[in-house]
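**Student:** Quick one: sequence and predicted model below, then my questions.
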Amino acid sequence: MALPVKFPMLLAQGAEGIAVGLSSKVLPHNFNELCDAAMSYLKGEQFALFPDFPTGGAIDVARYNDGQRGGIVRVRAKIEKLDNKTLVIREVPFTKTAASLQESITKAIEKGKIKARRVIDMTAREVEIQVQLAPGISSDKTIDALYAFTDCEITISPNCCVIEDNKPAFLTVSDVLRHNVDRTMGLLRQELLIRKGELEEQLFFASLERIFIEERMYKERKFEQAPDQEAVLTFLDEKFAPFKEKLIRDIRPEDYLRLLEIKMQRILKYNKEKADQLMAKIKAEIKDIKHSLAHMTEVTIAWYSHLKETYGKDHPRLTEIRNFDTIEAATVVEANEKLYINRQDGFIGTGLKKDEFVCNCSDIDDVIIFYRDGKYKIIKVADKIFVGKNILWLQVFKKNDSRTIYNVVYRDGKTGPYFIKRFNVTSMTRDREYDLTQGKPGSRVVYFTANPNGEAEIIKVTLDPDPKKKRQNIFIEKDFSEIAIKGRTAKGNLLSKRSVHRVTLKSHGRSTLGGRKVWFDPDVNRINYEEHGRLLGEFNDGDSILVVLNNGDFYISDFDVNNHYEKDIKIIEKWRQDKVWTAVLFDADNEGYPYIKRFNMEATRRPQNYISDNPNSKLVLLTDTVYPRIRMTFAGADAMRPPVEIDAESFIAVKGFKAKGKRLTTWAVDEIVEIEPTRWPEPEEEDAPENDENDEHEDLDPDAGKSQQQVIDKMTGQLSLFPDDDYDKPKA
């Protein structure tokens with residue numbers, strides 16, 4: 001037996017359980033969104049429902065699959081930077097507690113996955129877990145590592161298994177909502193029908209009572225002198241016979257008995273006018289109910305709308321819906337181990353501490369190994385593992401790395417020709433052996449370099465002399481930049497058919513891959529190379545990204561995809577040292593007057609503020625237009641003054657970003673906006689042609705001979721601080 005519930009509590013609260021061979025996991029959803037979805041369904045519109053957890057955090061619903069079996073959601077804790085050395089977690093993933101989350105972080109630190117000094121659980125009424133980082137550790141990389149190696153990110157697999165028609169059924173959350181809305185409409189209809197029946201009974205008895213009193217049946221002799229109750233009922237039945245057709249239902253004996261219970265005091269105080277008003281009110285309400293029963297869809301929509309208006313403000317969405325970037329564990333794990341090699345015995349590992357050091361690594365890394373016979377493979381890092389002798393090169397393998405280019409010269413077979421090739425290795429099967437040569441017995445690599453950014457060097461090839469020839473050129477120079485980068489199975493280009501004595505490096509080269517295009521994805525506030533979001537430009541070594549925040553802070557960063565950026569970004573773009581910015585602000589240090597300044601964003605890794613040191617100063621606009629123009633309109637007592645248009649490039653020179661700038665006016669300002677410029681930068685500036693026409697009329701202009709600065713000061717009410725002749729000269 002189940003009580004009727006009009007609101008979808010299963011979806012609002014979620015449910016989890018398991019039975020013999022069946023399990024169910026329905027995630028909780030937001031109250032307001034359930035109301036909106038219900039109304040959309042009733043209107044015949046599309047809708048979508050996504051989980052909302054009481055613990056907050058963030059959720060990626062790209063594979064939610066409408067809550068059906070087979071879908072997954074990724075849930076993350078909310079991690080903030082308290083400062084450069086401290087991270088704080090304020091919201092935990094659903095199904096996790098502050099204690100379990102702290103324990104998972106502690107285990108990751110003990111295993112060396114994350115470098116942190118300690119974890120402090122300061123949870124009281126609200127969750128607060130502080131992670132204090134070790135010196136020299138990037139907070140951005142640590143955030144990614146927390147998501148990769150701890151319960152700061154978890155995966156939940158929903159499974160909406162419910163009982164339908166006394167049988168288990170696998171539905172979507174949308175199906176559950178539709179069933180519930182249909183049931184809600186049915187319950188609302190039943191409520192209206194019950195209310196309608198109550199009103200009709202009330203109207204029926206009011207009609208009986210009116211007839212009984214107005215016809216004064218209680219005064220007749222047969223009524224007063226009736227020997228028993230049965231005689232009274234017979235009398236009343238006869239008296240009501242003419243009125244039965246006007247009543248809404250037949251009269252039953254119990255109705256007569258109810259009339260007999262009316263007290264004489266009530267009969268004496270009976271008011272016909274009030275009785276008519278009551279009956280009219282009942283009839284009107286019955287009419288409204290009949291209208292509602294004929295329009296149940298609108299009634300149900302109004303019911304959900306009323307719920308949302310009444311209780312919706314108390315149920316805001318707590319879990320932020322975001323698209324998570326996939327974090328490769330190998331790219332964020334701390335290099336907590338050192339890799340060594342024993343070339344003589346053919347062993348590599350992290351435990352060979354007395355042998356040759358190769359590089360730093362982590363215990364989850366793979367290592368790529370190249371041999372002199374052209375074979376290569378990847379293996380997992382271990383404490384000590386036999387890999388064989390004649391190792392040419394080994395390094396930590398980076399999956400999907402298309403910028404690391406291998407430059408190779410190899411001999412095809414024992415006495416065959418020599419080939420030169422360039423290739424990259426983006427993916428491999430672990431422990432499977434590959435060959436960069438054509439696989440002929442006796443093949444051998446005679447020159448090999450691994451170039452992390454596609455560098456192409458010039459080599460000098462010395463050939464073995466031919467004893468049959470007296471004059472011969474035994475030296476060949478070859479530039480790897482002339483060799484196309486192809487797949488790892490490519491044969492390569494023929495270098496020489498003659499025997500090669502040795503190959504040496506003549507000069508180092510530059511990258512042949514060009515710049516790297518970088519995109520910014522505002523959904524995740526991260527940069528990427530996969531064409532997600534807005535293109536920032538093509539970046540070469542030494543280029544930087546400029547980040548300007550809404551509070552006036554700005555800084556530059558490199559274009560590492562592991563960087564995290566703030567949510568309140570105003571501008572993010574490729575940094576240009578010579579780019580001039582124009583800012584208009586109300587300066588709190590100078591009575592709130594409007595000031596204008598032009599400056600360059602300097603190269604600083606530490607955030608600097610271009611607005612003012614006073615937090616009460618207010619930015620009006622910031623623009624990178626080369627020749628910006630602004631319009632000021634005035635308010636208050638100065639509202640009658642005409643608007644003023646100012647050419648910022650002529651009004652003020654470019655100075656440092658910390659400069660106060662120049663005051664625009666002392667009058668009361670209503671609005672300052674940027675307007676379309678009247679000139680634009682040209683590739684080449686041409687001298688303006690001389691024009692001596694109308695020289696005789698130049699004295700007609702009252703401002704002729706004055707600088708633009710003097711004219712603007714006159715228009716905006718500024719006071720000249722020095723004589724006209726010295727206006728453009730610097731102050732002493």
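**Tutor:** Looks like it came in fine.
**Student:** what's the average pLDDT for the longest helix anywhere in the chain?
**Tutor:** Counting residues, the longest helix found in the chain (DSSP state H) is helix 173-214. Averaging pLDDT along helix 173-214 gives 91.
**Student:** Contacts for whichever helix or strand comes after that helix, please.
**Tutor:** The first helix or strand that comes after helix 173-214 along the chain, using DSSP states H and E, is helix 221-224. When contacts are defined by Cβ atoms under 8 Å, 6 or more residues apart in numbering, helix 221-224 is touched by residues 217-218, 231-232, 235-236. Heads up, the C-betas are built off the backbone N, CA and C, glycines and all.
**Student:** now do stretch 337-348
**Tutor:** 112, 349-363, 367, 369, 381, 384-389, 391, 394, 396.
**Student:** What of stretch 10-22?
**Tutor:** For stretch 10-22, using Cβ under 8 Å, 6+ apart, the contacting residues are 23-29, 31, 34, 49, 51, 161-162, 168, 173, 176-177, 180.
**Student:** Drop anything exposed from those.
**Tutor:** By neighbour count, with 16 or more other Cβ atoms under 10 Å, the contacts of stretch 10-22 hold 24-29, 31, 34, 49, 51, 161-162, 173, 176-177, 180 as buried.
**Student:** Widest-spaced pair of those residues?
**Tutor:** Spatial extent of the buried ones among the contacts of stretch 10-22 (Cβ to Cβ) is set by the pair Phe31 and Cys161 at 23.3 Å.
**Student:** Look up which residues are beta-bridged to Ile385.
**Tutor:** With DSSP bridges as the criterion, Ile385 is bridged to Ile348.
**Student:** low pLDDT regions in the stretch 501-650 of the chain?
**Tutor:** 523-524 (pLDDT under 70).
**Student:** Do a quick rundown of the strands in it.
**Tutor:** 516-521, 526-528, 534-539, 545-549, 553-557, 569-574, 580-587, 593-600, 608-609, 618-623, 629-634, 644-647 (DSSP state E, counting those that start in this stretch).
**Student:** shaky segments in this structure?
**Tutor:** 1-2, 136, 326-334, 470-471, 523-524, 683-732.
**Student:** Spell out, range by range, the helices that occur in it.
**Tutor:** Going by DSSP H, the chain shows helices at 9-13, 31-42, 98-110, 139-149, 173-214, 221-224, 229-240, 253-260, 264-268, 272-294, 296-311, 329-332, 648-651, 708-716.
**Student:** Which of those helices sits closest to Leu494?
**Tutor:** Smallest distance to Leu494 across these (Cβ to Cβ): 37.5 Å, for helix 329-332.
**Student:** Give me the buried positions along stretch 638-653.
**Tutor:** Going by neighbour count (16+ other Cβ under 10 Å), the buried part of stretch 638-653 is 641, 644, 646-649, 651-652.
**Student:** Quick check, Thr604 in contact with Ser557.
**Tutor:** No - at 10.5 Å, Thr604 does not count as touching Ser557 under the criterion of Cβ atoms under 8 Å.
**Student:** So those two - more neighbours on which side?
**Tutor:** Taking other Cβ atoms under 10 Å, Thr604 and Ser557 do not tie; Ser557 has more neighbours (17 against 11).
**Student:** who touches that one in this structure?
**Tutor:** Ser557 touches 544-545, 547, 563, 605, counting by Cβ under 8 Å, 6+ apart.
**Student:** For Ala148, see how far away it is.
**Tutor:** 21 Å (Cβ to Cβ, to the nearest Å).
**Student:** And for Thr172?
**Tutor:** For Thr172, the distance to Ala148 equals 31 Å [Cβ to Cβ].
**Student:** neighbour count winner among the two?
**Tutor:** Neighbour count, other Cβ under 10 Å: between Thr172 and Ala148, Ala148 has more, with 21 against 18.
**Student:** Quickly note the distance from the more buried one to Ser100.
**Tutor:** Taking Cβ to Cβ, one finds Ala148 at 17 Å from Ser100.
**Student:** which parts of stretch 508-520 are buried?
**Tutor:** By 16+ other Cβ under 10 Å, the buried positions in stretch 508-520 come out as 509, 511-513, 516, 518-520.
**Student:** JSON lines please, covering the residues you listed and showing distance to Ala124.
**Tutor:** Below are the buried residues of stretch 508-520 laid out as JSON lines (distance: Cβ to Cβ, whole Å):
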{"residue": "Gly509", "distance to Ala124": "60"}
{"residue": "Ser511", "distance to Ala124": "54"}
{"residue": "Thr512", "distance to Ala124": "58"}
{"residue": "Leu513", "distance to Ala124": "53"}
{"residue": "Arg516", "distance to Ala124": "47"}
{"residue": "Val518", "distance to Ala124": "42"}
{"residue": "Trp519", "distance to Ala124": "41"}
{"residue": "Phe520", "distance to Ala124": "38"}
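**Student:** farthest-separated two in those residues?
**Tutor:** Pairwise distances across those (Cβ to Cβ) peak at 31.1 Å, for the pair Gly509 and Phe520.
**Student:** what sits against Val620?
**Tutor:** 584-586, 594, 672 are the contacts of Val620 under Cβ under 8 Å, 6+ apart.
**Student:** Spatially, what comes nearest to it if we skip its sequence neighbours?
**Tutor:** Nearest-residue entry for Val620: Val584, 4.3 Å, with adjacent residues in sequence omitted and distances by Cβ to Cβ, 6 or more residues apart in numbering.
**Student:** cool, and Lys517?
**Tutor:** For Lys517, the closest residue by Cβ to Cβ, 6+ apart turns out to be Glu538, at 5.1 Å.
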